[in-house]
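whatever this is, show me its structure:
(2 chains)
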Amino acid sequence: MFAYYLDLAFRSLRRNTMLTALMVLAIAVGIGASMTTLTVTHLLSGDPLPGRSQHIFYPQVDPDPKRTDDKEPYDKLDYQSAVDLWSAHRADRQAIVVDSRLKLSDPASGAPPVMSMMLSTTSDFFPMFDVPFQYGGAWSAQDDVSRARVAVISADLNQKLFAGANSVGRTLRLRNSDVRIVGVLKPWRPSPQFYMVAGGRFANGDTSDYYSKTEDVITPFFTGLEINDGSFWQFTCWSLPARTGHLQDAPCVWLGLWVQLDNAAKVADYRRFVADYAAQQKALGRFTHAGNTRMRSLMEWLDFNGVVPSDVRLQTWLSFAFLTICLFNTVGLLLAKFLRRSGEIGVRRALGASRAAVFAQCMVESAVIGLIGGLFGLLLTLLGLWLVRQQPVAYADLARLDVPMFLLTFVLAVGTSVLAGVLPALRACRVAPAWQLKTL
Amino acid sequence: MDFAPILAALRRHRTATLLIALEIALACAVLCNACFLIASRIGLMQIESGVDESSLALIRLDCDDCNSSDLNARVMAALRAVPGVQSVAAVNTLPFGERAGDNGVTIDREHYVAVPHFYLGGPGAAETLGLHLAEGQPFQPEDFRTGDVWVPADTPVWISRTLADKLWPGQSALGKEFWVTDKFHFRVVGVLAHLVRPDPGGTRGSGAAEWSVFAPMAPGKVLNGTYAIRAAPADLPRVLREARDAAQKASPEAVLDLTQSRTVSDLRSDFFRPSRIMAGMLVGVIVALLLVTALGIVGLASFWVQQRRKQIGIRRAIGATRQDILRYFQTENFLIVTGGIAVGLAMAVVLNIVLMKFYELPRLPVAYLPISAVVLWLLGQLAVLGPALRAAAVPPVVATRSV
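Next comes the predicted model:
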């Protein structure tokens, strides 16, 4: 029966090509627009560490003596708090992160130096965030403490400087220091670059820079502070630092701390630990208030920072409004199409077809329209994503259709057209056979 | 025209009528807000920077370990030697360049009033940039002092008009004072008609886009590595090319920042590229939207015409002219579209309130409502014209067939 309905549907679609084309076009355009924006939103709001993000947390304390407990603490930590919390080693894993710009060159090649971003962090960073290595591996916890002159470089930089060869053991010049490469990453593109996200509240919705590529070179935290001393940027300061770019003893917040806590008991323990730390610092006189601590999970932190750029969200809403209009349009056109065939339906009913049979036939026809619309919609989505990739935004290279989104395109297209078909099909199956036969 | 028979006929086709009206309502809501978004983007793109963009370029060097005074002297001498350069000045950034520093300012050292951007400029920077002082006086040579971390603690400044209005609404800003933390004290000696921040836009709002302070400072430890050069607009591309080479040659230890060392017009065009793309996308959506709506009307109207062929024939047979039939379908469309617009305008206002809440957009100006209503009326009439003409062409003889 289904095959017969399918055959009928194609016959009917061919009979009035103009009307069919209109419906397919409406669905295709609506699907194309909404799938393009939905794919971008999906890519930008996804979980950067699937399966692990629920164990990753971002503790915050409030060192500013002039603030009170009723405000949000700053998005980053001061040096002493970060190092104290880190060196307590109370979490399963912990890493301090800070990035800075510096001059980078390959002393062997003699090519002119370039400015690049350096991430300085501690050894837990790599296992905690599941960072993939191509060659070599991370430095050791001992290297953190002994301030070893070692570095891990990105796949991009390895390609640029060493043509993708195994460069472990070679030397890189960072500003005026030589460091030994101990690891080369596989291409790694977390979206967003979650470990550096901060300050989203003050970004005025312009958060596309959170989707930048990762840093080219990663050094141990204390090593990085020494190599690039004087070039570190504060998140903010509550009074003036004595030296620009050297913030270890400055009244400034500039470091992020990430911790991994594998179960709920550990999370509760660590929350208490952070609160106790703040209370202890208050007792010591370094903090003026201790109640202002936070510990958000990774996804809560991204959400708090509103990482999806407001332009992208706006486009998504707009395209769904557009899809709704296309839906209404399709309902109207299907109504016209089905009722135009009232006579034919009357004959079928008179010959014994039940209402359910007429309804099913109409729904199959709507689904076929949706499928064809989805096919064209897919082409339009690919075109839309290609257009997104031409945009000068940090996330442009991410805009690609993945398998779930590919399937969703068809689900959405068929879903839309079936939804659109319900009302016209109900009207069609209520056609009175006697009346229609009389007017034939 | 008598509405009663039309309304009676529409009551028989409630579903289809409602569908078209709803489609029009949605289109109206989206149309109003999309047009408004486009207009606000375009408005932002046309913001006056307050500097002579067409004759300005930026040169920027990164140098961590340079002797900054020496670097400034070497590079500025090299830049001045480039043929065609009219003047060179040390600055921290220029409009549409990289942001150099926002600071929360207070009047009473306690409550933040605004967070403007602080431009710093060496001797001759104001003239090089072509800043227009609306009130107040130029800086004196002794105002240009060096600092270790930032500007000296007590600095005379110029501020933009919008910032002056924000800090001291309804008063003259000249001679007034404001603070950054409790260490830096600034005295306003001049008000600029315009000076845009490096990154106007986002959801910041149009007034805040021009919250800027321009402070004098001698080139040195704080002010180094970034220079504004001025040349005749026609000459500028060549001058910039040569200036880049000259700056790199004069400071082999530094790294020339190629993304920032550009003409201000190029920096501006790059800065607004996402806005242009967004505006283009919105235009695309509007066109597609109107097209889809029109096609929907054509489809349903054709169906109605076909369904009522016999009735049309009877009307023609008992004396209705072609004009009457044409007018009938046009009036019918007008009524449906009017209903849709009435709902749509309310929806537009609601949508705007939602957008205001989530995207800090300003309130939708009332003028957008009648304009989009007229657009939709015209669209409806245009779409129904074809089917209505076909209806008018139905001959009276149809009435006599197959009774």
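
before we move on, which element is residue 127 in?
By default, I'm working from chain A. Using DSSP states H and E, the element containing residue A:127 is helix A:125-128.

right idea, wrong chain: chain B
helix B:125-129.

wasn't residue A:100 part of a strand?
Yes. Residue A:100 forms part of a strand when assessed by DSSP: H, G, I helix; E, B strand; the rest coil.

isn't it right up against residue A:230?
No. Between residue A:100 and residue A:230 there is no contact under Cβ atoms under 8 Å: 9.6 Å. The way it works is simple: take the backbone N, C-alpha and C, and place the C-beta from them, glycine included.

got the buried residues for the helix holding residue A:127?
Buried residues in helix A:125-128, counted by 16 or more other Cβ atoms under 10 Å in any protein chain shown: A:125, A:126, A:128.

export those to JSON lines and tack on distance to chain B?
Formatted as JSON lines, the buried residues of helix A:125-128 follow (distance: Cβ to the nearest Cβ, whole Å):
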{"residue": "A:125", "distance to chain B": "24"}
{"residue": "A:126", "distance to chain B": "27"}
{"residue": "A:128", "distance to chain B": "30"}
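
low-confidence ranges, the chain, go.
As the question left the chain open, I've gone with chain A. Scanning chain A for pLDDT under 70 picks out A:439-440.

can you look at chain B instead?
Counting by pLDDT under 70, chain B has low-confidence residues at B:1, B:202-206, B:359-360, B:402-403.

now do the helix holding residue B:127: which elements does it pack against?
Contact here means 3 or more Cβ pairs under 8 Å, 6 or more residues apart in numbering or on different chains; DSSP states H and E; on that basis helix B:125-129 packs against strand B:85-90, strand B:226-231.

and the first one, how far from the chain's centre?
Going back to what we said before, that points to strand B:85-90. Distance, stretch centre to chain centre, for strand B:85-90: 31 Å (Cα atoms, centre = their mean, to the nearest Å).

residues making contact with it?
If you take Cβ atoms under 8 Å, 6 or more residues apart in numbering or on different chains as the criterion, strand B:85-90 is touched by B:55, B:72, B:76, B:79-80, B:121-125, B:127-129, B:219, B:223-224, B:226-232, B:239, B:243.

now restrict the residues you listed to buried residues only.
Here, 16+ other Cβ under 10 Å leaves B:55, B:72, B:76, B:79, B:121-123, B:125, B:128-129, B:219, B:223-224, B:226-231, B:239, B:243 buried among the contacts of strand B:85-90.

residue B:145 is in contact with residue B:152, isn't it?
Yes. Using Cβ under 8 Å, residue B:145 makes contact with residue B:152 at a distance of 4.8 Å.

overlap of the contact sets of these two?
In contact with both residue B:145 and residue B:152: residue B:217, using Cβ under 8 Å, 6+ apart.

distance from the chain centre to the longest helix along chain B, please.
For chain B, the longest helix by residue count, based on DSSP state H, is helix B:322-359. In terms of Cα atoms, centre = their mean, the centre of helix B:322-359 is found 28 Å from the chain centre.

roughly how far out does the next helix or strand along the chain from it sit from the chain middle?
Sequence-wise, the next helix or strand downstream of helix B:322-359 (DSSP H and E) is helix B:368-392. Taking Cα atoms, centre = their mean, the mean C-alpha location of helix B:368-392 is offset from the chain mean by 31 Å.

cool, and stretch A:350-361?
Using Cα atoms, centre = their mean, the offset of stretch A:350-361 from its chain centre is 48 Å.

so how far is residue B:355 from residue B:363?
In this view, residue B:363 and residue B:355 are 10 Å apart by Cβ to Cβ, to the nearest Å.

what of residue B:76?
According to Cβ to Cβ, residue B:76 stands 48 Å off from residue B:355.

and for residue A:310?
To residue B:355, residue A:310 is 10 Å away according to Cβ to Cβ.

so what touches stretch A:194-207?
For stretch A:194-207, contacts defined as Cβ under 8 Å, 6+ apart pick out A:48-49, A:72, A:75-76, A:97, A:99, A:119, A:125, A:129, A:210, A:235, A:256, A:258, A:298, A:301-302, A:304-311, B:199, B:201-204, B:359-360.

what's the answer for stretch B:342-358, then?
With contact meaning Cβ under 8 Å, 6+ apart, stretch B:342-358 is reached by A:310, A:313-314, B:21-22, B:24-33, B:36, B:361-364, B:368-369, B:372-373, B:376.

of those residues, buried ones?
Buried members of those, counted by 16+ other Cβ under 10 Å: A:310, A:313-314, B:21-22, B:24-33, B:36, B:361, B:364, B:368-369, B:372-373, B:376.

can I get stretch B:89-106 as PDB, trimmed to CA atoms?
This file holds the C-alpha atoms of stretch B:89-106, laid out as PDB (Å, rounded to 0.1, in the frame of the first residue of the first chain):
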ATOM      1  CA  ALA B  89      53.500  60.800  16.200                       C
ATOM      2  CA  ALA B  90      53.700  58.200  18.900                       C
ATOM      3  CA  VAL B  91      50.300  56.900  20.000                       C
ATOM      4  CA  ASN B  92      49.100  53.800  21.900                       C
ATOM      5  CA  THR B  93      46.500  52.900  19.200                       C
ATOM      6  CA  LEU B  94      44.200  54.500  16.700                       C
ATOM      7  CA  PRO B  95      40.400  54.100  16.100                       C
ATOM      8  CA  PHE B  96      39.700  50.500  14.700                       C
ATOM      9  CA  GLY B  97      43.200  49.400  15.800                       C
ATOM     10  CA  GLU B  98      43.800  47.000  18.700                       C
ATOM     11  CA  ARG B  99      42.200  48.200  22.000                       C
ATOM     12  CA  ALA B 100      44.900  49.700  24.200                       C
ATOM     13  CA  GLY B 101      43.200  50.200  27.500                       C
ATOM     14  CA  ASP B 102      39.800  50.700  29.100                       C
ATOM     15  CA  ASN B 103      39.500  52.100  32.600                       C
ATOM     16  CA  GLY B 104      36.600  52.600  34.800                       C
ATOM     17  CA  VAL B 105      36.400  56.300  35.800                       C
ATOM     18  CA  THR B 106      34.800  57.900  38.800                       C
END
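
fine, thanks again, bye for now.
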